[in-house]
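J.: Any chance you could fold what I've pasted below:
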Amino acid sequence: MSRKPKRHEEHSNHEAWAIPYGDLITLLLAFFVVMYALSSVNEGKYRLLSDSLYAAFRGEPRTLEPVEIGQHQAGAGADSRTGVLQQQRPDPAHAPPAGPLVKLAPDLSPMAPTRAAALAEQAVRRDAALARVATEVESALGDLVKRDLVTVRRNELWVEVELRTDILFPSGSAQPAPGAVAVLERLAQVLAPLPNAVRVEGYTDNVPIRTSAFYSNWELSAARAGSVVRVLAGQGLDPKRLAVVGYGEQRPAQSNDTPEGRNANRRVVVVILAVEPQGDEAAAPAALPPAAAGPPQGADGGH
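T.: I've put the predicted structure just below:
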């Protein structure tokens, strides 16, 4: 009976772990070398950039020390103050005097006081002109002012003439009432000789309206302002001076919760804009005031 040869167990290598371990250490060494290289900073260039930005925004550098610009890098073994690559700094006592700093300053030229005085004089003339306009309008519509059907207001940029629609239009209509044309003609006689631009603004209450003529209060307010402009233009006002704005119910002067408030919101406002005088003559009309900062917004309501 033949014997099977006895197999000897293969000898295992217990040192195999050293190979991946060595690779890991090599990779870690390469990683830290790369990280160190990225963390090194040229302090001289960094300080130059920092002082340049500070001087640009604040007017002068933060430090009087000279800035080193070179290949010297900060880090272990290459300190910017004690390393062998450090450049010799000049003695401040022998340094050339620094040039004057250039700073932005207000206009101190001889013409500045003259210009300021001229602007102040123009403002005075503009205010005086608006005061005359307000006085003439109040005189022309004095009876209506006393009955609180017309209100005249003035500030430094415009004169505002507020007309209640009770005297201008029937309810829900943009056709001027019989007595409205005479009132508007009196106002036009004051405005026709003037160079001021005129903006007519229409307003309504919040009562909805939807008719064959007016789909909403927007259309009604714009149509009423347009009717006023048409009368003013027919009395000699240059159409180029006139503008129409319809605000509908969006700019109420009072609450719409009461009949009195709704009646106050139904109005037309004639805004007479200031002109900027040039010398002894009137210049072009001033720009239209923004709606948010302009005169109180009002319009005739839908009813």
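
J.: can I assume A188 is in contact with L232?
T.: Yes. Using CB atoms under 8 Å, A188 is in contact with L232, at 4.8 Å. In short, each C-beta sits where N, CA and C put it, glycine included.

J.: Hmm, N256 and N206 touching each other?
T.: Yes. Counting by CB under 8 Å, N256 is a contact partner of N206 at 4.4 Å.

J.: Pull up the overlap in contacts between the two.
T.: Shared contacts of N206 and N256, defined by CB atoms under 8 Å, 6 or more residues apart in numbering, are found at E249, R262, N265.

J.: K146: which of those residues is nearest?
T.: Distance to K146, by CB to CB, is smallest for N265 among these, at 22.0 Å.

J.: Now for that closest one, how many residues are close by?
T.: 25 (other CB atoms under 10 Å).

J.: How much space separates it from S227?
T.: Distance from N265 to S227, counting by CB to CB, to the nearest Å: 18 Å.

J.: Show the end-to-end separation of stretch 242-257, please.
T.: With CA to CA, to the nearest Å as the measure, stretch 242-257 spans 33 Å from end to end.

J.: Buried ones in it, by neighbour count?
T.: L242, A243, V244, V245, G246, Y247, G248, E249, R251, P252, A253, N256 (16 or more other CB atoms under 10 Å).

J.: Double-check that the fifth one belongs to a strand.
T.: What that stands for is G246. Yes. Using DSSP: H, G, I helix; E, B strand; the rest coil, the assignment for G246 is a strand.

J.: ok, it - contacts?
T.: G246 sits next to E201, G202, W218, E219, L220, S221, A222, A223, R224, A225, A299 when contact means CB under 8 Å, 6+ apart.

J.: out of the residues you listed, which one sits closest to L144?
T.: Lowest distance from L144 to the contacts of G246 (CB to CB) belongs to R224, with 17.4 Å.

J.: tell me which strands and helices the host helix or strand of that closest one is in contact with?
T.: Element membership of R224 [criterion: DSSP states H and E] is helix 217-234. The contact analysis (3 or more CB pairs under 8 Å, 6 or more residues apart in numbering; DSSP states H and E) places helix 217-234 against helix 180-191, strand 198-203, strand 242-248, strand 267-273.

J.: Which elements pack onto the longest one?
T.: The reference is to helix 180-191. Under the contact definition 3+ CB pairs under 8 Å, 6+ apart, helix 180-191 sits against helix 111-140, helix 217-234.

J.: which of the ones you listed has the lowest average pLDDT?
T.: Sorting the helices and strands packed on helix 180-191 by mean pLDDT places helix 111-140 lowest, at a mean of 85.

J.: Please identify the buried residues of it?
T.: Across helix 111-140, burial judged by 16+ other CB under 10 Å covers R125, R126, A129, L130, V133, A134, E136, V137, E138, A140.

J.: do you know how far A140 is from V190?
T.: Computed as CB to CB, the A140 to V190 distance reads 5 Å.

J.: Count the neighbours of R199 for me.
T.: For R199, using other CB under 10 Å, the count is 23.

J.: wait, it sits on V245?
T.: Yes. If you go by CB under 8 Å, R199 and V245 touch, sitting 6.2 Å apart.

J.: Quick check, pLDDT for P239.
T.: At P239, the pLDDT value in this model is 92.

J.: thought it was touching G226?
T.: No. Counting by CB under 8 Å, P239 does not reach G226; the two are 11.8 Å apart.

J.: So for those two, which residue has more residues nearby?
T.: Shown here are P239 and G226; by other CB under 10 Å, G226 has more neighbours (16 against 10).

J.: which residue sits closest to the more buried one, ignoring its sequence neighbours?
T.: Excluding its sequence neighbours, the residue lying closest to G226 (CB to CB, 6 or more residues apart in numbering) is V244, at 5.1 Å.

J.: quick revisit: now the two most distant members of the contacts of G246.
T.: E201 and E219 (14.8 Å).

J.: Same drill for the two, tell me which one is more crowded.
T.: Remark: of E201 and E219, E201 carries more neighbours, 29 against 20, as counted by other CB under 10 Å.

J.: State the distance from that one to A274.
T.: As for E201, its distance to A274 is 17 Å (criterion: CB to CB).

J.: Between the two ends of stretch 181-201, how far is it?
T.: First-to-last residue span, stretch 181-201, CA to CA: 17 Å.

J.: Would you mark the buried spots in it?
T.: Buried positions in stretch 181-201, judged by neighbour count with 16+ other CB under 10 Å: 181, 183-184, 186-188, 190-191, 194, 196-201.
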